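S.K.: okay, sequence plus prediction incoming.
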Amino acid sequence: MRIVILPTELEVSRFAADIISDVIKKKSRSVLGLATGSSPLATYEILIEKYRKGELSFKHVSTFNLDEYVGLKHNHSQSYRYFMNEHLFQHIDIDIQNINFPECINNDFKECSANYESLITKQGGIDLQLLGLGNNGHIGFNEPTSSLSSKTRIKTLTKKTIESNSRFFDPSEFQPSLAITMGIGTILQSKKILLIVTGDNKKKAVVDMVEGPISAFCPASALQLHNNTVVVVDEAAAANLQLSEYYVHSESMHLNSTSDRIDPKINAN
Ligand code: F6R
């Protein structure tokens, strides 16, 4: 794992946006895995800015979102499709045919999940998967004890996740307790993974993910098995990392580059 610790959320977002744009610039037909939530918001804003300045085009990019609630209409203001339209897609030149969500209209969740996996494979796999980190260590909606080799499927959300997301729903409104999510195994098949995490409330999850044992109890710890993962974290979220000095030192050897290491063997993941 490459751990990049930066002072503020803005710097984290700039760094993440640079990594994403590097990937697209190298391969215009990139396949991106995308996340919702508050973590990627500023990153999306910076990407939109890059598009507006003419520095970046999403014309040939395909996207696969990590997850989607079960039971919300497409145009529901809390659906993840709506979120992505609001915060990214409607502001860039992406072809809507190239946007994918793990939705299931016919309620055959097994079939819909298998189709999502096939579609990702048909596109050649995910070049870059963007992730946030749940307070409980979840990635996507892979809650603690999710199988580390899981594929796209329907999942029951934990009470903690439902509570944490309730801030987005009107109290009188239906709030889903089920979601379809890429599995941890799906995420691990991505060629590159970029996880962004900020804020004091995530510091325990960050330690469990980076320095804890690999355990289904902290789904994000499975990223330790991936050989091309970058975790970009602000100082508040990194506060409890035992080896933070080492991560900072190893980054300083890396000349602050957002792209791949000069020599991939140095500080190998
Ligand atoms: C969202 C997702 C979730 C979030 C995580 C962190 O698509 O998959 O795993 O990344 O819950 O959420 P925020 O960023 O809101 O703290």
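M.R.: Structure's in. What do you need? Residues are numbered from 1 along each chain as shown.

S.K.: by mean pLDDT, which helix or strand of the chain comes out lowest?
M.R.: helix 159-165 (a mean of 86; mean pLDDT, DSSP states H and E).

S.K.: any chance you could list what contacts that one?
M.R.: Contacts of helix 159-165 with the rest of the structure, by Cβ atoms under 8 Å, 6 or more residues apart in numbering, involve 134-136, 138, 141, 143, 157, 175, 177. In this view, the C-beta of every residue, glycine as well, is placed from N, C-alpha and C.

S.K.: show me where the stretch 51-200 of the chain has helices.
M.R.: Listed in chain order, the helices of the stretch 51-200 of the chain (DSSP state H, counting those that start in this stretch) span residues 80-87, 109-122, 159-165, 184-188.

S.K.: let's have the contacts of helix 159-165 in TSV, adding distance to the ligand and pLDDT.
M.R.: Below are the contacts of helix 159-165 laid out as TSV (distance: Cβ to the nearest ligand atom, whole Å; pLDDT from 0 to 100):
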residue	distance to the ligand	pLDDT
134	4	94
135	7	92
136	9	92
138	5	95
141	6	94
143	9	92
157	10	88
175	15	93
177	15	94
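
S.K.: switch those over to CSV; also include neighbour count.
M.R.: As requested, those are exported to CSV (neighbours: other Cβ atoms under 10 Å):
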residue, neighbour count
134, 25
135, 14
136, 18
138, 26
141, 26
143, 21
157, 22
175, 17
177, 15
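
S.K.: among the helices of the stretch 51-200 of the chain, which is the most enclosed?
M.R.: For these, the largest average neighbour count (mean count of other Cβ atoms under 10 Å) is found in helix 184-188, namely a mean of 23.

S.K.: let me see the mean pLDDT of it.
M.R.: Per-region confidence: helix 184-188 scores 98 on mean pLDDT.

S.K.: that helix and the ligand, any residue contact?
M.R.: No. If you take Cβ under 6 Å from any ligand atom as the test, helix 184-188 misses the ligand, and the best it gets is 9.8 Å.

S.K.: residue 104 contacts residue 70, doesn't it?
M.R.: Yes. Counting by Cβ atoms under 8 Å, residue 104 touches residue 70, with 7.0 Å between them.

S.K.: where do the contact lists of the two overlap?
M.R.: Common neighbours of residue 104 and residue 70 (Cβ under 8 Å, 6+ apart) are 154, 180.

S.K.: which residues touch the closest residue to residue 179 other than its chain neighbours?
M.R.: In this structure, residue 179 finds its nearest non-sequential neighbour in residue 141, 4.4 Å apart by Cβ to Cβ, 6 or more residues apart in numbering. By Cβ under 8 Å, 6+ apart, residue 141 lies in contact with 66-67, 155, 157, 161, 179, 181.

S.K.: apply 7 Å and report the result again.
M.R.: Contacts for residue 141 (Cβ atoms under 7 Å, 6 or more residues apart in numbering) come out as 67, 155, 157, 179, 181.

S.K.: please report phi then psi for the residue of the chain most remote from its centre.
M.R.: The C-alpha centroid of the chain is most remote from residue 172, which lies 29.7 Å away (Cα atoms, centre = their mean). With angles defined as degrees, to the nearest 10, residue 172 sits at phi -80, psi 0.
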